[in-house]
Each structure stands twice: as structure tokens, then as C-alpha cells.
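**Student:** okay, sequence plus prediction incoming.
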Amino acid sequence: MRILAVDDDPFIIQVLELALSAMGFDSVATARCAHDAMELVDHPDTCFDCILLDIQMPEVDGIELCEMIREVPGYARTPIIMLTAMSERHYIERAFEAGANDYISKPFETVELAARIRMAEQLSKEIRSKEGVERELSLMSSGLDFQPAVNFEDALGFEDMPGHLDLPTLKNYLDRIKRSHFRYGGVMALKIRNISEIFGKLNGRDFINFVADVGDAISLTLSHERVHFSYAGSGYFLILFLCVPKVGFAREVRRLIQAELDSMELRYPDTRSIGTTIEVSRIQGTELFGTNTVNSVVQTAINDVETVLAADTKVELRLSTSGVASALRVTH
């Protein structure tokens, strides 16, 4: 994996080079400022798989540099880790909003750095592998209607959708909130009720576009709230509220997003209405964290929306003329 480390402190650069070398990463380039970093990123012969950025640098800080790198072709999804002593909440929020995937506070521990780099390495491999397969399929199907391969369980990411973060980044954000003991609103799971039926009737591209439409509805509805959200696969969106919502907010969110979806009048290719309906969990608040992991908090939200769906299920008894139940019908 080819790594770029950017920090104006030569001591930190030296520590990073030694630490990364000890982890087995020998292909490490360094820069002391945003100008030098952009020269390396823009160079046609270089392609970095992971980028480490310090926030507090002269002239152009790491957050601004992160935004600049995201605009470079080929770097829209490259893992970017902020490595900085600036641990205040607004710096963390700005970093993720700028497109960072992770955040490590100085002074960092090599164990944590190693764990974060390994996660970035795995993410980079998945991105490169998927992009490679899609390029090959595109070449093979030149002149044909190329369809991306999409599995029902796949988490999907979207560019230029306000509030959206890919799933690993959303989980990293939650983990940083947990580690920093910041107060936050909570996590909500949103489930597309008829997702299995929809997935079975759409090709890969149309299904991705459909999920993007639902994401747009969430983004538009919550544009005035401090939230981030992600599509986690299998019809689930996860919504992270940074501020504590008022009582009954979950039901109001459901009503507003459903109204936005209804106004979109989403349809299948044959023009039949998709009839998209959603359900939401309760908002899982800070009290859930404690010793729980981020994955546990996420799973609790998902379990809760499934509980809501189950409670909404009506079991009807069809009675025979003799008054004995002869069949069961389950409806949602």
C-alpha cells in the first residue's frame, strides 16, 4: 500500500515513517505543506492508497487540504485519516464533513495507528477491487448496457449527497464520538419495508439509483438538522444525530421522509409505482455506549426497527363456516 503522510512537523514525519516501516509499509511519501502534498497527489505517476493529514498546518490546514484532495480524479474514495492534536469537537466534525474517513488524536499510540492503517488498507483493497471489476466489465460490455454487480447486503456509497458518509466512515465517526465522550443525539435505523421485492425487480444500476433516491429524500428532509447517514445494505439506512432531538422526533422524521418519498413518485422501468414505504427505530442515545461497541449500538438500532415492524404486523384469522381457524394471513 502506498501512503502519503502530510505534517509540517519534521519530528512527526520521522515518527510516522519509522512506525509505518515497522508495520511493514515501506512505500511512504511525505510532504510538509499542502502545496507539496498536492504536487504529489496530482503527479500522474503516483497513486496513493491511504493519506494521513495533520489538521494544524500553516496557510492551508489539513481539513482544507482534505477537501482539495477529494476533488482530484481518482481520490474521491481514497481513505484519508486525520492525525492531529486538535481533538475539540468542531475539528472532528469539520474533518468528517470535509471527506475524512477517520481521525486519530496526537500523541497517538502505535497500536491504534496500526489498527486504523489496517482498516484503511482493507477499505482501499475493496475500493480498488470493485473499481477494477467494474472497469473490466465495462470494457467487456462496450456498446452494451453495462450493469454494476450489486448484492442485496451491499452497503452503498454516494458522492455529492449532503450529510452522507459511507458505512465505515460513519462507524469511525461514532467511534471517535465514543472515545472523546462527546454528547450526541443518537443513532436511528430506517428500513425500506418492501426492499426485497424492489431488489428482485430492478437491475443493478436501477437499484443503486433507487437507493440513492431514498438517500436524497433523507438528505432533503434533514437538511436543517445536524445529521449524517449511511446506507448499510439490506434496506437499512443508519442516521446519526449530532444534537439531542426533541421528544417524538423519530415519528416526525418518519412522517417527513415518507412524505418526501411520496412526492418523488418513484417508479419501476415499466412505469408501475414502486410504492416505497419506510419504518424507523427509536433514537438510540448516548446511554447505549458505555462498554458497548459501535457495532452493538448499530445492531441495537436495527433490531429496534425490526421490533417496530413486527409489532405492526397484523395476523388475521380466516374462519371457516364451522368457526374454526382455517388459515393465517400475515400483512404489513
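**Tutor:** Arrived safely, thanks for sending.

**Student:** nearest residue to the residue nearest the centre of the chain in space, please, no chain neighbours.
**Tutor:** Nearest to the centroid of the C-alpha atoms of the chain, with distances taken as C-alpha atoms, centre = their mean, sits residue 166, at 2.0 Å. Closest residue in space to residue 166, ignoring its immediate chain neighbours: residue 157 at 3.9 Å, by C-beta to C-beta, 6 or more residues apart in numbering. Heads up, the C-betas are built off the backbone N, CA and C, glycines and all.

**Student:** so that neighbour makes contact with residue 127?
**Tutor:** No: proximity of residue 157 to residue 127 does not meet the contact threshold set by C-beta atoms under 8 Å, at 9.4 Å.

**Student:** between these two, which contacts overlap?
**Tutor:** Overlap between the neighbourhoods of residue 157 and residue 127 consists of residue 77, taking contacts as C-beta atoms under 8 Å, 6 or more residues apart in numbering.

**Student:** what about the strands in the stretch 151-300 of the chain?
**Tutor:** Using DSSP state E, counting those that start in this stretch, the strands of the stretch 151-300 of the chain run over residues 186-192, 227-233, 236-241, 278-280.

**Student:** what packs against the last one?
**Tutor:** Taking 3 or more C-beta pairs under 8 Å, 6 or more residues apart in numbering; DSSP states H and E as contact, the helices and strands that strand 278-280 lies on are strand 186-192, helix 249-264, helix 294-311.

**Student:** just name the most buried of the ones you listed.
**Tutor:** Comparing the helices and strands packed on strand 278-280 on average neighbours per residue, with mean count of other C-beta atoms under 10 Å, the densest one is strand 186-192 at a mean of 24.

**Student:** list the contacts of residue 151.
**Tutor:** Shown here is residue 151, whose contacts under the criterion C-beta under 8 Å, 6+ apart are residue 233.

**Student:** shaky segments in the protein?
**Tutor:** Low-confidence segments of the chain (pLDDT under 70): 87, 128-148, 181, 286-291, 313-332.

**Student:** let me see the domain layout of it.
**Tutor:** The chain breaks down by automatic domain parsing into domains covering 1-146, 153-332.

**Student:** still on that earlier bit, so the residue nearest to residue 166 versus residue 262, what's the distance?
**Tutor:** From residue 157 across to residue 262, the span is 26 Å (C-beta to C-beta, to the nearest Å).

**Student:** just the CA atoms of stretch 26-33, as CSV, please.
**Tutor:** What follows is stretch 26-33, C-alpha atoms only, in CSV (Å, rounded to 0.1, in the frame of the first residue of the first chain):
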residue,chain,number,x,y,z
ASP,A,26,7.8,0.8,3.1
SER,A,27,6.2,2.8,0.4
VAL,A,28,5.6,6.1,2.2
ALA,A,29,5.9,9.5,0.7
THR,A,30,5.9,12.7,2.9
ALA,A,31,5.1,16.4,2.5
ARG,A,32,5.4,19.3,4.8
CYS,A,33,2.6,21.5,3.4
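
**Student:** who's in contact with it?
**Tutor:** Contacting residues not belonging to stretch 26-33 are listed as 1-8, 10, 13, 16-17, 20-21, 37, 39-40, 46, 48, 57-60 [C-beta under 8 Å, 6+ apart].

**Student:** buried sites along it?
**Tutor:** For stretch 26-33, the neighbour count (16 or more other C-beta atoms under 10 Å) marks 28, 29, 30, 31, 32, 33 as buried.

**Student:** can you give me how far that stretch is from the chain middle?
**Tutor:** Taking C-alpha atoms, centre = their mean, to the nearest Å, one finds stretch 26-33 lying 27 Å from the centre of the chain it belongs to.

**Student:** contact partners for the residue nearest to residue 166?
**Tutor:** Residue 157 makes contact with 77, 164, 166, 167, 230, 231 under the criterion C-beta under 8 Å, 6+ apart.

**Student:** same list (those) but as TSV, adding distance to residue 97.
**Tutor:** Shown next, in TSV, are the contacts of residue 157 (distance: C-beta to C-beta, whole Å):
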residue	distance to residue 97
77	16
164	11
166	14
167	17
230	14
231	18
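
**Student:** out of these, who's nearest residue 206?
**Tutor:** Checking the contacts of residue 157 against residue 206 with C-beta to C-beta, the nearest one is residue 231 at 15.3 Å.

**Student:** make sure the closest one is actually in contact with residue 216.
**Tutor:** No: at 11.6 Å, residue 231 and residue 216 do not qualify as touching, with contact defined as C-beta under 8 Å.
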